[in-house]
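Chemist: The following block contains a protein sequence and its predicted model.
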Amino acid sequence: AVAALRSLAIEPDHAPFALTLSLHSPHGPPETFEQFISAYPVLLDWMSGSEKVAGVTMEEIGTALYHAQVSQSDFLFGLLLEALGELKLRQSTLVLFF
């Protein structure tokens, strides 16, 4: 999405445009970048089949996975906002997040 935004914005006198960014919803199956999974050691253990997760409930694993996925979405959304600022489009852009 950031690459698309940059290509749209470099056009001289670019016309108004709409850009849709669909992020992975915070639920299974886990499609979360390693950097966010690794913030929760219980997820690394669970995904590797380690015996360290014995006694850890699926609710605890689900909560950690949810937090990792929300962190990833925050990071990606932040990249978009950062690009809008760099391209001097932030003040003239309506951003909806839902």
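Modeler: Looks like it came in fine. Residues are numbered from 1 along each chain as shown.
Chemist: State the number of residues packed around the closest residue in space to Val2 that isn't next to it in sequence.
Modeler: Excluding its sequence neighbours, the residue lying closest to Val2 (CB to CB, 6 or more residues apart in numbering) is Ala83, at 4.6 Å. Glycine gets a C-beta too; all of them are placed from N, C-alpha and C. Using other CB atoms under 10 Å, Ala83 has 18 other residues around it.
Chemist: Do I have it right that Ala83 meets Ala4?
Modeler: No - at 9.9 Å, Ala83 and Ala4 do not qualify as touching, with contact defined as CB atoms under 8 Å.
Chemist: Tell me the residues that contact both of those two, please.
Modeler: Common contacts of Ala83 and Ala4, defined by CB atoms under 8 Å, 6 or more residues apart in numbering, are absent altogether.
Chemist: picking that back up, any idea how far Ala1 is from the residue nearest to Val2?
Modeler: From Ala83 across to Ala1, the span is 8 Å (CB to CB, to the nearest Å).
Chemist: Ile61 now?
Modeler: According to CB to CB, Ile61 stands 30 Å off from Ala1.
Chemist: So for these two, which residue has more residues nearby?
Modeler: Applying other CB under 10 Å to Ile61 and Ala1 shows that Ile61 carries more neighbours, namely 18 against 15.
Chemist: That one is in contact with Met47, isn't it?
Modeler: No - when contacts are counted by CB under 8 Å, Ile61 is not listed as touching Met47 (9.5 Å).
Chemist: The residue nearest to Val2 in helix, strand or coil?
Modeler: Under DSSP: H, G, I helix; E, B strand; the rest coil, Ala83 falls in the helix class.
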